[in-house]
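Chemist: based on what follows, work out the 3D shape:
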Amino acid sequence: MQKLKIILLSLFFILWITNLAQAEDIKTDNLIKIDIDNKFEKNVKVWEKLNINLKDSKEKLEKLYNKRIIFEWNITWEKTIIWENFSKTFKNFWDKKINLNIYKISNRSKELIKSSTINFFVYKDKILAIFDKNLKNQTKDFEQKAKELWILIDKIEINQKEIEKYNFKKNIISRLNNKNYLLVYSDKDFMFDLLSKFNTQKFDKKINIVWVSPFNLNILQKYLQNFTTNKIWINKAILLDETSKFEVLKQTNDINLLIEDLKKNKYNFVDLSSKWKINNFLFISKFENNLSNLWFSTNNIYIILTIPFILFWIIVFKHLIWLTPAWILIPTVLTLLFLKLWFFIASIIFISFIIINILLSKIFVKYSMHYTPKITMLITLNIIFFIIIMNYCISKNIITIDINDIMAIILFILVSERLINIIVSKEFQEYKQTLINTFIFVIISFIIFKLTFIKTIILSYPEIILLLIPLSFFIWRFTWLRITEYFRFKEVIKSIEE
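Modeler: As a prediction, this is how the structure comes out:
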């Protein structure tokens with residue numbers, strides 16, 4: 001029994017010592033990792049001095065181990081450096097590797113407590129770039145080619161959803177001078193949202209931009225012309241397709257030299273000069289550009305331009321298809337709400353609106369009231385209920401909204417006056433089909449106007465709004481059977497043909 005106790009105590013002591021040693025190793029690992037990450041730039045330009053100062057780390061380690069600590073820096077084919085402060089200037093480009101060994105000294109013996117390898121890149125030039133994460137294969141190919149030429153891609157890699165929350169002003173302006181440029185490698189959707197964000201950032205100095213996109217240059221040219229003309233934050237901007245993307249790597253510091261090279265080698269590109277002028281005859285494009293210059297986001301401008309198309313689509317839906325939604329303003333504003341808030345959030349709001357007013361109808365059905373005070377009270381109650389719903393959804397992180405989103409919700413409630421009155425004054429069966437038609441209309445409209453192709457065409461050629469006038473006149477004079485009537489009277493039509 002005594003022997004068993006001794007064995008168990010011995011095992012416990014061994015485990016304790018092992019855990020203590022592991023704890024010290026973990027502390028050492030974390031300490032060095034944190035200090036190196038904070039104090040060491042992983043990339044360095046040729047002929048610039050690299051400094052890694054671990055003096056603070058040395059003091060912390062000496063306190064942790066109660067021993068003298070030394071740092072040993074080893075670079076292949078070069079003399080070992082023993083000092084807590086590593087300093088060196090590299091004279092050529094290369095992928096470099098430094099082996100850092102940390103020793104504790106006691107009784108003239110040297111014990112290794114940590115060994116790590118630090119990899120870094122010595123480059124000759126650098127490009128500041130924003131990469132669309134959805135184009136990883138293309139950007140990876142571009143980065144690989146850049147590395148072969150000893151060029152560092154100082155990249156900001158984000159997806160479309162992250163654009164809205166990213167502070168581009170803070171992370172771009174300080175890293176650009178008057179001649180070098182920002183490279184943007186993205187698809188068209190990403191480009192829309194990025195330019196929308198740029199237009200609201202209020203940069204305090206002009207920047208140069210090189211856009212690279214796999215999308216059609218002619219359409220993008222017209223789009224970017226509407227949104228980059230007269231921008232005080234743009235100095236020069238050019239648009240390239242993917243076939244000329246590697247030309248960027250030949251002139252990384254000066255956009256003017258890049259333009260000269262592109263012309264010399266006869267590459268296809270578009271010079272989006274800030275000196276462009278939009279013809280006054282194109283008054284809708286001018287309006288679009290003016291809103292953009294006033295820091296309106298691209299998405300908000302698109303929603304404004306979409307209204308005539310939604311109204312025309314209501315005409316088609318009602319008089320050609322013969323599915324009647326709830327009047328004109330309700331499906332229009334509801335569609336805008338879906339486009340503004342996205343499908344899930346807007347669906348919650350619309351369904352909540354219907355449920356709330358059905359419940360209110362049950363309460364007030366027995367009262368005879370004047371129309372104006374009744375509607376005023378009901379709209380006020382709707383707003384109060386929506387405030388409660390929004391508070392709950394925001395507190396539970398179900399949705400995220402801003403002031404513009406709230407205004408869109410309030411606008412929808414205000415224009416829903418007639419629908420509120422119908423719900424509280426009639427039986428559900430009487431207006432059920434109208435609600436179904438409205439919801440079908442909104443879903444189809446949401447799908448159509450969320451298509452990138454549609455968005456690109458409307459923003460690039462907003463004057464097509466004028467075509468809606470003769471088309472509306474044609475439908476006004478339309479007297480044939482509607483689409484749903486062909487199904488409804490299918491048997492009659494068949495018998496007549498026979």
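Chemist: how many neighbours does the closest residue to N119 other than its chain neighbours have?
Modeler: Ranked by Cβ to Cβ, 6 or more residues apart in numbering and with sequence neighbours excluded, the top spatial neighbour of N119 is K97, at 5.5 Å. Heads up, the C-betas are built off the backbone N, CA and C, glycines and all. When neighbours are counted by other Cβ atoms under 10 Å, K97 registers 12.
Chemist: which SS class is K97?
Modeler: Here K97 is recorded as strand under DSSP: H, G, I helix; E, B strand; the rest coil.
Chemist: repeat that for I127.
Modeler: When classified by three-state DSSP, I127 comes out as strand.
Chemist: list the buried residues for stretch 407-423?
Modeler: The neighbour-count check on stretch 407-423 (16 or more other Cβ atoms under 10 Å) flags A408, I409, F412, I413, V415, S416, E417, L419, I420, I422, I423 as buried.
Chemist: please state the offset of it from the chain centre?
Modeler: 31 Å (Cα atoms, centre = their mean, to the nearest Å).
Chemist: repeat for stretch 283-303
Modeler: Distance, stretch centre to chain centre, for stretch 283-303: 19 Å (Cα atoms, centre = their mean).
Chemist: identify the residues contacting that stretch?
Modeler: With Cβ atoms under 8 Å, 6 or more residues apart in numbering as the contact definition, stretch 283-303 has outside contacts at 192-193, 195-197, 199-200, 202, 226-227, 229-232, 278, 280, 304-305, 336, 339-340, 404, 455, 458-459, 462-463, 465-466.
Chemist: end-to-end on it?
Modeler: Start to finish, the residues bounding stretch 283-303 are 18 Å apart (Cα to Cα, to the nearest Å).
Chemist: which strands or helices does whichever strand in the chain runs longest pack on?
Modeler: Ordering each strand of the chain by length in residues (DSSP state E) puts strand 109-123 first. Judged by 3 or more Cβ pairs under 8 Å, 6 or more residues apart in numbering; DSSP states H and E, strand 109-123 is in contact with helix 2-39, strand 43-45, strand 94-106, strand 151-158.
Chemist: buried sites along it?
Modeler: Across strand 109-123, burial judged by 16+ other Cβ under 10 Å covers I113, K114, F120, F121, V122, Y123.
Chemist: run a quick neighbour tally on the closest residue to N421 other than its chain neighbours.
Modeler: Nearest residue to N421 in three dimensions, chain neighbours excluded: I375, at 6.1 Å (Cβ to Cβ, 6+ apart). I375 has 16 neighbouring residues, counting by other Cβ under 10 Å.
Chemist: burial check on the nearest residue to N85 once chain neighbours are set aside, number of neighbours?
Modeler: Spatial nearest neighbour of N85, chain neighbours left out: N53 (4.7 Å); criterion: Cβ to Cβ, 6+ apart. Neighbour count for N53, taken as other Cβ under 10 Å: 15.
Chemist: in its sheet, what does the longest strand of the chain sit against?
Modeler: Strand 109-123 has its sheet partners listed here by DSSP bridges as strand 43-45 (parallel), strand 94-106 (antiparallel).
Chemist: show me the shaky parts of the stretch 51-200 of the chain.
Modeler: Within the stretch 51-200 of the chain, the segments meeting pLDDT under 70 span 77, 177-179.
Chemist: wait, I102 touches I113, no?
Modeler: Yes: using Cβ atoms under 8 Å, I102 is in contact with I113, at 5.5 Å.
Chemist: what's the helix or strand where S196 lies in contact with?
Modeler: Element membership for S196, per DSSP states H and E: helix 188-201. Residues from elsewhere that reach helix 188-201, judged by Cβ under 8 Å, 6+ apart: 130, 132, 134, 159-160, 163-164, 166, 168-169, 184, 186, 211, 213, 215, 220, 224, 227-228, 231, 233, 292, 295-299, 452, 455-456, 459.
Chemist: tell me the buried residues within those.
Modeler: 130, 132, 160, 163, 166, 168-169, 184, 186, 211, 213, 215, 220, 224, 227-228, 231, 233, 292, 296-299, 455-456, 459.
Chemist: sorry, back to before: would you list the strands paired with strand 109-123 in JSON lines and tack on distance to L176?
Modeler: Conversion of the strands paired with strand 109-123 to JSON lines gives the following (distance: least, Cβ to Cβ, whole Å):
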{"stretch": "strand 43-45", "distance to L176": "16"}
{"stretch": "strand 94-106", "distance to L176": "26"}
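Chemist: right, so of the ones you listed, which gets closest to L471?
Modeler: Of all the strands paired with strand 109-123, strand 43-45 sits nearest to L471, with 57.2 Å by Cβ to Cβ.
Chemist: buried ones in that closest one?
Modeler: Residues V44, K45 are the ones in strand 43-45 that count as buried (16+ other Cβ under 10 Å).
Chemist: check contacts around the nearest residue to N357 once chain neighbours are set aside.
Modeler: Spatial nearest neighbour of N357, excluding adjacent residues (Cβ to Cβ, 6+ apart): I423 at 4.2 Å. Counting by Cβ under 8 Å, 6+ apart, I423 touches I354, N357, I358, L360, S361, Y431.
Chemist: OK, contacts around E48?
Modeler: By Cβ under 8 Å, 6+ apart, the contact set of E48 is T89.
Chemist: any idea how far it is from N101?
Modeler: As judged by Cβ to Cβ, to the nearest Å, E48 and N101 stand 25 Å apart.
Chemist: and if you look at Y461?
Modeler: 65 Å.
Chemist: where's I304 relative to L100, distance?
Modeler: Distance of I304 to L100, given as Cβ to Cβ: 58 Å.
Chemist: again with S115
Modeler: Distance, S115 to L100, by Cβ to Cβ: 7 Å.
Chemist: please apply the same query to K340.
Modeler: Following Cβ to Cβ, the distance that separates K340 from L100 is 53 Å.
Chemist: repeat that for P325.
Modeler: 70 Å.
Chemist: the two: which is more packed in?
Modeler: Between P325 and L100, counting by other Cβ under 10 Å, P325 is the more crowded of the two (24 against 18).
Chemist: that one: what's it in contact with?
Modeler: I314, F317, K318, P331, T434, N437, T438, F441.
Chemist: for those, give me JSON lines that also has pLDDT and secondary structure.
Modeler: Output for these, formatted as JSON lines (pLDDT from 0 to 100; DSSP: H, G, I helix; E, B strand; the rest coil):
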{"residue": "I314", "pLDDT": "84", "secondary structure": "helix"}
{"residue": "F317", "pLDDT": "76", "secondary structure": "helix"}
{"residue": "K318", "pLDDT": "76", "secondary structure": "helix"}
{"residue": "P331", "pLDDT": "84", "secondary structure": "helix"}
{"residue": "T434", "pLDDT": "80", "secondary structure": "helix"}
{"residue": "N437", "pLDDT": "82", "secondary structure": "helix"}
{"residue": "T438", "pLDDT": "83", "secondary structure": "helix"}
{"residue": "F441", "pLDDT": "85", "secondary structure": "helix"}
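Chemist: all helices for the stretch 351-498 of the chain, in order.
Modeler: Under the criterion DSSP state H, counting those that start in this stretch, the stretch 351-498 of the chain contains helices at 371-395, 403-415, 417-425, 428-450, 452-460, 468-476, 483-488, 490-497.
Chemist: and the angle from the fourth one to helix 452-460?
Modeler: In other words, helix 428-450. Here helix 428-450 runs at an angle of 70 degrees relative to helix 452-460 (axes from the mean of the first three to the mean of the last three Cα atoms, to 10 degrees).
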